[in-house]
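J.: Just a sequence and a predicted model for now, questions to come.
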Amino acid sequence: MGLRFYVSRMNRKLVLIILTLIIVIAGVLRLWQLGNVPPSPDWDEVALGYDAYSIIHTGRDEFGKFLPVVLRSFDDYKPALYSYLAIPTVAVFGLNVFAVRLPSAIFGTIAVLAVFFLVEELFEKYKYRNQLSLVASFLMAISPWSLQFSRVGFEANVGDAMNILVALFFVKGLKRPWLLFVSALFAGLDIYVYQSEKVFTPLLVLALAIIYRKKLFSFSKKYILAVIIFGLLVVAPMVFYIVQNRDALLRVQGTSIFSQQTVLLANDITKLERDRATHDTLGLIFDNRRFVYTKAVIAGYIVHFDPNWLFVTGDISRHHAPNMGLIYLFEIPFILLGLYYLIFGEFDRKTKLLVFLWFLLAPVPASITTGVPHAVRTLNFLPTWQIFAAIGMLTFLIWVKKQDLRHNPYDIRKVVLVLGLVFYVLLSALNVAYYLDQYFVQLNYYTSQDWQYGYKQAVAEVESLQSKYKEIVVSDHSPLNKSYMFFLFYLKYPPAQYQKIGEQSSGGFASHHYFGKFIFRTIDWQKDSQTKGVLYIGTPDEIPAGSAMKTINNLDGTPAIRIAGT
């Protein structure tokens, strides 16, 4: 008995050592060169960072709202939690890109740890649960999808980590009921993180409650009611804000397919007119706008399972490394094998239901939006892909172990199997190495223009020249959209001063801004060049190369921003 206990304890120690190494790998991949790769913050990152900076110094956001639960920002009304999470990092490291991205990197690392414990809980009856948990957490640690958004100030990454924690503490709470309050806390906080969580998190909580209803309702009704009330109290400020502010859902309305009536229904209006003219009853049914919207939602849902998007291309360049999808190619056979064994294998029925429901619910928030497939709005797919791949990988390794490759080395079947294994391991390592090169080496060169590169350099140049000019005009024409926020960010403009202006302005994409001697608008060089004593910062299309005193290039050498004085 003593020996068995000792071996068990040693195994647990080994598991913890391996887990520690995985967390170190996850942390290094998420923190190394965090402020420099990607090469520039996007407009959402600088907005979240400046609002954190503003709250630190004044307790108010850029528009002068005291401790807001929602940030008006660019009139997209962002849930405010990410800015609050950035307050400690901005306070310690200053207002810079590293400080803004650090909360996302931390939560991305926490997600890796949480995946280990979640898988261990869900598969507690499985003989190889420790190995399965380690493999799943390792795949999460090196996941291109997770890394892409852990290294940028994207609120969705925090939301995904919190959803993993919601599930983890819910399942653990079935054994230790007080942990249900922790689960309710993370579920409530998740609503303050990202728009998709307002849909996905309630669905996840509902799925957990239904799947584990017998165990859950074995607790006293008063206890369950207390947990529900606690969760509702956490989300109450957000609910009150949405009820009291019509504009709170502008972002949702702006990205919803239901708001794209002109584009979506234009073709069907013509069809309906023909259906009426030809008395086509079936046509009138199928070309009805309700049927059209239903098809659009279904198409928007299914497209997130497109293998080409998942494994090869991804969507826009800011959502993946160059020439890479969101999941490694070497994981494909293991994912398929894992799906098969999770369905037909002898795993706990509740575990099967939870993993598959999580997997099927993840695309729901994105399915009713435009611009699909969308890697950010479906980040909640993680960690289901990693769980499938881990099950497949472990199942395959168990099968290999049973082949007893140590004996009869002249068995041609075993020789082929060994060579195949070595070849596949090398291919997998090459796949990971290729991704790391594409992300950490190639990404900055090939995609700097998509990351709105050049603002930091432009602001540094302007700071050295501004005393010579009475006015500074900065373009807000694409790709310099929302240039005012980049200047607020890099200048560390005093929030109290800007709030006096911000209270009277709009953050909308069509609006123009000003503060101090800075004016943000489109530049008409033929007209503007006649005005003396003005410094202009504009796009290459707005300022001719011959008139520029300074050109800031993208990292691939193409011009990004031109500076000219009159």
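T.: Yes, it's here. Residues are numbered from 1 along each chain as shown.
J.: List phi and psi for K550.
T.: According to degrees, to the nearest 10, the main-chain angles of K550 amount to phi -150, psi 130.
J.: which intervals of the protein have sub-threshold pLDDT?
T.: 1-10, 259-267, 405-410, 503-511 (pLDDT under 70).
J.: Which strand runs longest in the protein?
T.: Assignment by DSSP state E gives strand 559-565 as the longest strand of the chain.
J.: Tell me the strands beside that one, with direction?
T.: When sheet partners are counted by DSSP bridges, strand 559-565 sits next to strand 534-538 (antiparallel), strand 550-553 (antiparallel).
J.: Can I get those strands in a markdown table including distance to Q442 and mean neighbour count?
T.: For every residue, glycine as well, the C-beta is placed using N, CA and C. Output for those, formatted as a markdown table (distance: least, CB to CB, whole Å; neighbours: other CB atoms under 10 Å):
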| stretch | distance to Q442 | mean neighbour count |
| --- | --- | --- |
| strand 534-538 | 29 | 23 |
| strand 550-553 | 17 | 16 |
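J.: Now those in TSV, please, with extra columns for distance to A389.
T.: As requested, the strands paired with strand 559-565 are exported to TSV (distance: least, CB to CB, whole Å):
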stretch	distance to A389
strand 534-538	47
strand 550-553	41
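J.: What residues sit buried inside stretch 148-161?
T.: For stretch 148-161, the neighbour count (16 or more other CB atoms under 10 Å) marks 148-161 as buried.
J.: Quick one: distance of it to the chain centre.
T.: How far stretch 148-161 lies from its chain's middle: 4 Å, per CA atoms, centre = their mean, to the nearest Å.
J.: What's the end-to-end length of it?
T.: End-to-end distance of stretch 148-161 (CA to CA, to the nearest Å): 14 Å.
J.: Quick one: the strands in this protein, in order.
T.: Assigned strands in the chain, in chain order: 70-71, 78-79, 471-474, 513-515, 518-520, 534-538, 550-553, 559-565 (criterion: DSSP E).
J.: can you count the residues close to the residue lying closest to A375 once chain neighbours are set aside?
T.: Spatial nearest neighbour of A375, chain neighbours left out: H319 (4.1 Å); criterion: CB to CB, 6 or more residues apart in numbering. Using other CB atoms under 10 Å, H319 has 19 neighbouring residues.
J.: who's in contact with H319?
T.: Contact analysis of H319 by CB atoms under 8 Å, 6 or more residues apart in numbering lists 148, 326, 374-376.
J.: Narrow these to those in helices?
T.: Q148 (DSSP state H).
J.: Next, format the contacts of H319 as CSV and append distance to K214.
T.: Formatted as CSV, the contacts of H319 follow (distance: CB to CB, whole Å):
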residue, distance to K214
Q148, 39
L326, 36
H374, 37
A375, 37
V376, 36
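J.: Please tell me how far S83 sits from L357.
T.: From S83 across to L357, the span is 32 Å (CB to CB, to the nearest Å).
J.: neighbour count winner among those two?
T.: Under the criterion of other CB under 10 Å, the comparison of S83 against L357 puts S83 first, with 28 against 18.
J.: coming back round to it: of all the strands paired with strand 559-565, which lies closest to Y424?
T.: Nearest of the strands paired with strand 559-565 to Y424, taken as CB to CB: strand 550-553 at 42.4 Å.
J.: And the longest helix seen in the chain, what's buried?
T.: Longest helix of the chain, by residue count under DSSP H: helix 2-31. Within helix 2-31, the residues that qualify as buried are 15, 18-19, 22-23, 26-27, 29-31, counting by 16+ other CB under 10 Å.
J.: same check, this time on stretch 66-75
T.: Residues 68-74 are the ones in stretch 66-75 that count as buried (16+ other CB under 10 Å).
J.: List the contacts of that stretch.
T.: So stretch 66-75 is in contact with 43-44, 47-48, 51, 55, 59-63, 65, 77-80, 83, 192, 237-238, 241, 245, 247-248, 250, 482, 485, 506-509, going by CB under 8 Å, 6+ apart.
J.: try stretch 200-218
T.: 159, 162-163, 166-167, 170-171, 174, 187, 190-191, 224, 350, 353-354, 357-358, 361-362, 364-365, 380.
J.: which of those count as buried?
T.: Counted by 16+ other CB under 10 Å, these give 159, 162-163, 166-167, 170-171, 174, 187, 190-191, 224, 350, 354, 357-358, 361-362, 364-365, 380 as buried.
J.: Quick check: bridge partners of the closest residue to Y498 other than its chain neighbours?
T.: Nearest residue to Y498, sequence neighbours excluded (CB to CB, 6+ apart): F515, at 5.4 Å. In this structure, F515 bridges to F518 when assessed by DSSP bridges.
J.: Isn't F515 up against L488?
T.: Yes. Assessed by CB atoms under 8 Å, F515 is found in contact with L488 at 7.4 Å.
J.: which of those two has more neighbours?
T.: L488 (26 against 19).
J.: Quick check, that one in contact with Y498.
T.: Yes. If you go by CB under 8 Å, L488 and Y498 touch, sitting 6.3 Å apart.
J.: Mutual contacts of the two, please.
T.: When contacts are counted by CB under 8 Å, 6+ apart, L488 and Y498 have 62, 515 as shared neighbours.
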